[in-house]
Structure formats: C-alpha cells, structure tokens
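# curious how this folds, go ahead:
(one chain, ligands or ions: 2)
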Amino acid sequence: MSAAIIDGKAFAATIRARVADHVARLRDEQGTAPGLAVVLVGEDPASQVYVRSKGKMTKECGMQSFEHRLPADTTQVDLMALIARLNADAQVHGILVQLPLPAHLDSDLVINAIDPAKDVDGFHVSNVGLLGTGQKAMVPCTPLGCLMMLRDHHGSLSGMDAVVLGRSNIVGKPMAQLLLGDSCTVTIAHSRTRDLAEVTRRADILVAAVGRPEMVTGDYVKPGATVIDVGINRVERDGASRLVGDCDFASCAEVAGAITPVPGGVGPMTIACLLANTVTAFCRAHDLKEPDGLTA
Ligand SMILES: NC(=O)C1=CN([C@@H]2O[C@H](COP(=O)(O)OP(=O)(O)OC[C@H]3O[C@@H](n4cnc5c(N)ncnc54)[C@H](OP(=O)(O)O)[C@@H]3O)[C@@H](O)[C@H]2O)C=CC1
Ligand SMILES: Nc1nc(=O)c2c([nH]1)NC[C@@H]1CN(c3ccc(C(=O)N[C@@H](CCC(=O)O)C(=O)O)cc3)C=[N+]21
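Residues are numbered from 1 along each chain as shown. Ligands and ions are numbered 1, 2, ... in the order given. All right, here's what the predicted structure looks like:
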C-alpha cells in the first residue's frame, strides 16, 4: 500500500471541537444554544443507528437535540404538519428529515416544505439554486465534508481534474458544484457512462458515490490520485456484518496518492458538517458573524 490515509474521523473531531467552542460562546452571549431537529419515519435499523449518533454528538457539542420518530405509516399530511411546527419553533435552527422516506411519502414535497434557512441538509430547491449560482447557501453535509478533506489535503484544488462517480441530488450533484466552485474541471459519471474506468482514470480527484460495495478497484484510479470514498455499504463477510465503501480499499490504496477509509472517512465528516451547518443556521437567523472555516 502506498496511499496516505485521510483520517476523516480525526478531522471530524476537530470540527466538532470548533463547533462546541462556538456553541459555548453563543450560549454566553445570546443566552441560548442552536437546536437541531431530526425526523425519522419508520424503523430502518441503519437509520436508527445514524439518528442516535447524530443526537448524541449534537448534545456533546452543547446544542439542543430534538428527535421525532414517527411510525412507518405516517401520512403526508401529518408529516407536513410536523415540518410546519418545526419551521415555526424558535428553538429549532436546523431540520433534517432522514432519507429515504417510506415509498408512500413524497420526499420532494417534504424537503421543499422546510424553511430554507433551517434546511441544514441543503436539499431545498432554494439552497440547490443558491449553491449552483455561487450564492450563500446551506451546503449538503456529505459533499461539504468531502470538500473540507480535499482542501485540507491539497490546499488549492484549482485546475485539478475531478471525477464524481454518481449523480444523486444528495451527494453527486452538489459535490460536483462544490468542486466546480473550487475551480476543478469536473466530470460527473453514472450508470450510463461509457468506458467508466477510462473516465475515472483521468481524475486527480475521484469521488465515489455509487452505492455499490467495493465497485471501484485500483484499475479505475490514476496513479497518485486522491480517492474520496463516500459509500457506506453493510455487507456480510465471513459470517459477520461489516461496513465497506464503494471503493475496494486494498487495490485503490496500491495506486492512489491518498484515500479515505470506510469507516472513519466521509461518514464522521458528514455528521460534523451537519453540526457546523446548524451553528451556521443559528448565526444567520440571529444576524451574527458566522464561524470561520465551518462553511464552504
Ligand atoms: N458517508 C455519508 O455520509 C453518506 C454516504 N452515502 C453513501 O453514498 C453512496 C451513494 O449514495 P447516493 O448518492 O444516495 O446513491 P444513489 O443510489 O442515489 O445514487 C447512486 C449513483 O451511482 C450511479 N451508479 C450506480 N451504479 C453504477 C454503476 N455500476 N456504474 C456507474 N454508476 C453507477 C447511479 O447512476 P444513475 O443515476 O445512472 O442510476 C447514481 O447516479 C451510498 O453507498 C450511500 O450509502 C450517502 C449519503 C451520505
Ligand atoms: N436527510 C439525510 N441526510 C443525510 O445526511 C443522510 C440521510 N438523510 N440518510 C442516510 C445517509 C447516510 N448518512 C451517513 C452519515 C454518517 C455515517 C457515519 O458516521 N458512518 C461511520 C460509521 C457508522 C457505523 O459504524 O455504522 C463511518 O463511516 O465511520 C454514515 C452514514 C447520512 N445520510
């Protein structure tokens, strides 16, 4: 193995420490702390783990955590009513609705009902539009975390060839916007891309967000490239349940210059950025100076 390991877990801990510092100051100066509401519909076990860990880290940073667990058969009307209540609640500065929602619910309607100023996931159409036009937006947590690691590792990304593998609204597209914003030459590849490995081998920066366990092998990687593995896939291996990325870590690490591990890479950065976005939302709501280094 030759690649340097980009330690997202350690980096995320430094971001959470900065968030906690900022929250402590806000408590002193404003007499109140930022609050994050997380809405979970249904009983998907993976989502429950994730929601629990978000709640724990929110409190560890000194913020208020509000969890709303709704049954899987919750109606659209009831969910919209909850969003309206959270929009109107002055203690709530950030709202996250865990995706995917059960199939009978329309997630676009739900997301676009969130007050854009409280949309800490950055999925509301206004935030998508603001990001796409280079205006001040709430930036999606996973791509923001990836960008922070890339800037930390490289300094400037200007002029680099970046390939984003995956075109979802929650990872691929906003990731491409952020890389473009940092003056990369950006290619978005997906399931219809021809000669995929040839395309990805052009990348100085390869971001894999495909949701296919270990699909990206060393032959997709240009020697010395930086590989950001967004994938979180639970697989059964040797009778045990394990978490693997969208990259085959061993073969990619032979070729890459730097790579993020799974677990311990993008995942912890996503949660840290969610907390950072909640502080940012609080500061914007109260017309206060935003914390340095916690936004794009
Ligand atoms: N670490 C974190 O915090 C987070 C991790 N994730 C993880 O990231 C991964 C991606 O998530 P998400 O973006 O939501 O996934 P989606 O399923 O929404 O999107 C996957 C994308 O990958 C493309 N794709 C699928 N198969 C192939 C293939 N064989 N070749 C080329 N492209 C392919 C799809 O193309 P097409 O559009 O043509 O169908 C699609 O654009 C998942 O593993 C998910 O668990 C997600 C969110 C946060
Ligand atoms: N509205 C919404 N916003 C999201 O940001 C969102 C979502 N819905 N739905 C699900 C995906 C997935 N996601 C993860 C975040 C952190 C870890 C994480 O911290 N993972 C740890 C390991 C955790 C473990 O061991 O299970 C790691 O990679 O080291 C994983 C997955 C956010 N998502």
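
# how about the stretch 1-150 of the chain: which residue is closest to ligand 1?
In the stretch 1-150 of the chain, the residue that lies nearest ligand 1 is Thr142 (4.2 Å; CB to the nearest ligand atom). Glycine gets a C-beta too; all of them are placed from N, C-alpha and C.

# where does the stretch 1-150 of the chain have low pLDDT?
For the stretch 1-150 of the chain, applying pLDDT under 70 flags the ranges 1.

# where does it get nearest to ligand 2, which residue?
Counting by CB to the nearest ligand atom, the stretch 1-150 of the chain gets nearest to ligand 2 through Leu99 (3.9 Å).

# now do the contacts for that residue.
Shown in contact with Leu99 (CB atoms under 8 Å, 6 or more residues apart in numbering): 107, 170.

# how near is it to Gly129?
Leu99 is 20 Å from Gly129, where distance means CB to CB, to the nearest Å.

# secondary structure class for the residue of the stretch 1-150 of the chain closest to ligand 1?
Using DSSP: H, G, I helix; E, B strand; the rest coil, the secondary structure recorded for Thr142 is helix.

# neighbours of it, how many?
Look at Thr142: counted by other CB atoms under 10 Å, it has 26 neighbours.

# my guess is it contacts Val171. True?
Yes: if you go by CB atoms under 8 Å, Thr142 and Val171 touch, sitting 5.3 Å apart.

# tell me which residues touch the most centrally placed residue in the chain, please.
The residue lying closest to the centre of the chain (CA atoms, centre = their mean) is Thr142, at 1.6 Å. When contacts are counted by CB under 8 Å, 6+ apart, Thr142 touches 170-171, 175, 209, 230, 266, 269-270, 273.

# recalculate using a threshold of 6 Å.
Going by CB atoms under 6 Å, 6 or more residues apart in numbering, Thr142 touches 171, 270.

# and the residue of the stretch 1-150 of the chain closest to ligand 2, what element?
For Leu99, there is no host helix or strand (DSSP states H and E).

# need the contact list for the spatially closest residue to Gln64 that is not a sequence neighbour.
Nearest residue to Gln64, sequence neighbours excluded (CB to CB, 6 or more residues apart in numbering): Gly35, at 3.7 Å. By CB under 6 Å, 6+ apart, the contact list for Gly35 reads 64, 91-93.

# could you rerun that using 8 Å?
Taking CB under 8 Å, 6+ apart as the test, what Gly35 contacts is 63-66, 91-94, 278.

# out of those, which is nearest to Gly155?
Nearest to Gly155, judged by CB to CB, of the contacts of Gly35 is Thr278 at 27.7 Å.

# all set, thanks.
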